[in-house]
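1. got a predicted structure here, sequence first:
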Number of protein chains: 2
Amino acid sequence: MRYRAEVFVTLKPVVNDPAGLTIRGGLHALGFDSVTEVRAGKYLVLTLDEPDATEARARLDAMAKQLLANAVIEDYRIELEPVGEPVVAGDASA
Amino acid sequence: MRYRAEVFVTLKPVVNDPAGLTIRGGLHALGFDSVTEVRAGKYLVLTLDEPDATEARARLDAMAKQLLANAVIEDYRIELEPVGEPVVAGDASA
C-alpha cells in the first residue's frame, strides 16, 4: 500500500528560534502588528510503500529519529494517510 | 481573541526540490528504501490577536502573499484555531 505521510518538525518550546523572530520582525515591519509569536519549522511530505499503516508509522518514526529531526532540540509529529496502490505504467491518472 | 495559525508552505509540484531529493537520498542510504518521494517545505506556527476568525484568516492570507510564501514557486495552506483571550499579567497558567 502506498502512503502519504506529513512530518512536522518543530523546535522544542525552550529552544531559541532566530528564524521565527526574523519572520515576526518582517511581519511587524509590514504592519502586521497583531502577530505576537512566530515559530519556524520544517514540513516534509513523504510518499512511501509499506504493507500496512502500523509498519509505515514505525518506519517513519525511525526515519524521524535518525535523520529528519534532531531529537536534542526538535520535536516531530507524523500524520499518515493511505493513497492507494503504487501507480503502474500505463495508468491513466495524471 | 487570540488565534494559533499553522501555515504550510510547499513548493509547487512542478518545481524542483533539491532539499527533498537530498533527504530522500539520505533515507535510502540509511536503508529506508520504501520512500519514493520527499518534498520539503516550511511549517510556521503564528500566534496572533484578531477580533474574529474571518479577520484573522484575511490577515494571514495577506502575510502569506507578502512575506511567508513566494507565490511564483510556492503554494501555502493556512489552518486556524482559537486559543482564547491573551494571557494577562498574573495569570496562573504556565
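-> Here it is on my side, so go on.
2. can you check the pLDDT for A:V9?
-> A:V9 carries a pLDDT value of 98.
3. doesn't A:A69 make contact with it?
-> Yes. Using C-beta atoms under 8 Å, A:V9 is in contact with A:A69, at 4.7 Å. Quick note: C-beta positions are derived from backbone N, CA and C, even for glycine.
4. in terms of packing, which of these two has more residues around it?
-> Using other C-beta atoms under 10 Å in any protein chain shown as the criterion, A:V9 and A:A69 rank with A:A69 on top: 22 against 17.
5. how close does that one get to B:R2?
-> Distance check for A:A69 against B:R2: by C-beta to C-beta, to the nearest Å, it reads 28 Å.
6. do A:Y43 as well
-> Using C-beta to C-beta, we find A:Y43 at a distance of 23 Å from B:R2.
7. of the two, who's got more company?
-> Using other C-beta under 10 Å, the more surrounded residue of A:Y43 and B:R2 is A:Y43, with 21 against 16.
8. and the more buried one, what are its bridge partners?
-> A:F8, B:G41 (DSSP bridges).
9. within range of chain B, give me the residues from chain A.
-> Contact residues, chain A versus chain B (C-beta under 8 Å from any C-beta of the partner chain): A:2, A:8-10, A:20, A:23, A:26-27, A:30, A:32, A:34-50, A:59, A:62-63, A:66-68, A:86.
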